[in-house]
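Trainee: build me a model:
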Amino acid sequence: MSQIPESILKECRSKLVQAKAELLNRVREARFDMNADEKGGDEADQTIRVLAEVEALSMHERLRQQLFEIENALARIENGTYGVCEETEEMIEFERLKAIPWTRLSIEGAEIRESITKRYAR
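Mentor: Numbering: from 1, shown residues only. Purely as a prediction, here's the structure:
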């Protein structure tokens, strides 16, 4: 069970809900912009449109991943595991949670993951 003060939990939950709403609005706007594009044009116009679509899909994937992290954090708040590092199983620093409320790792846990990633990236 998480031992985070209720005031910090409320602040983080509020930030997560706000971030989720902003992400969903960005996704809606991006979909509207993609659907508003006109078709046709010469090869250069079509190439530019395809490149813009690829960029939009890449952005959409980043937004989807961030939304997943936010939903995951909200679920951890509900089940009482919020604020526990997945790597070290220690409490995540309160200031880190306030800055990045969807984080799953403490600073130490992030450093461990990074060193493991570097080791196997060779």
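
Trainee: where does the prediction get shaky in the chain?
Mentor: Applying pLDDT under 70 to the chain picks out residues 1-2, 32-40, 122.

Trainee: in it, which helix is the longest?
Mentor: Ranked by residue count, the top helix of the chain under DSSP state H comes out as helix 43-79.

Trainee: show me what that helix is packed up against.
Mentor: When contacts are defined as 3 or more CB pairs under 8 Å, 6 or more residues apart in numbering; DSSP states H and E, helix 43-79 packs onto helix 6-36. The way it works is simple: take the backbone N, C-alpha and C, and place the C-beta from them, glycine included.

Trainee: what residues sit buried inside the helix it packs on?
Mentor: Of all the residues in helix 6-36, those buried under the rule 16 or more other CB atoms under 10 Å are 8-9, 12-13, 15-16, 19-20, 23.

Trainee: which helices and strands sit right next to that helix?
Mentor: Helix 6-36 sits against helix 43-79, helix 94-99, with contacts defined as 3+ CB pairs under 8 Å, 6+ apart.

Trainee: quick one, the longest one and helix 6-36 angle?
Mentor: Taking axes from the mean of the first three to the mean of the last three CA atoms, to 10 degrees, one finds helix 43-79 and helix 6-36 inclined to each other by 160 degrees.

Trainee: which pair of the buried residues of helix 6-36 spans the longest distance?
Mentor: Greatest spatial distance among those (CB to CB): 8 and 23, at 22.1 Å.

Trainee: just to revisit the earlier point, nearest to residue 110, of the buried residues of helix 6-36?
Mentor: Among the buried residues of helix 6-36, residue 12 lies closest to residue 110 (CB to CB), at 17.5 Å.

Trainee: residues contacting the closest one?
Mentor: Residues in contact with residue 12 (CB atoms under 8 Å, 6 or more residues apart in numbering) are 73, 77, 82, 97-98, 101.

Trainee: any of those buried? List them.
Mentor: 73, 77, 82, 97, 101.

Trainee: contacts only, for the fourth one.
Mentor: Contact criterion CB under 8 Å, 6+ apart gives 4, 8, 12, 83, 103 as the residues in contact with residue 97.

Trainee: the second one too?
Mentor: Taking CB under 8 Å, 6+ apart, we find residue 77 in contact with 9, 12-13, 16.
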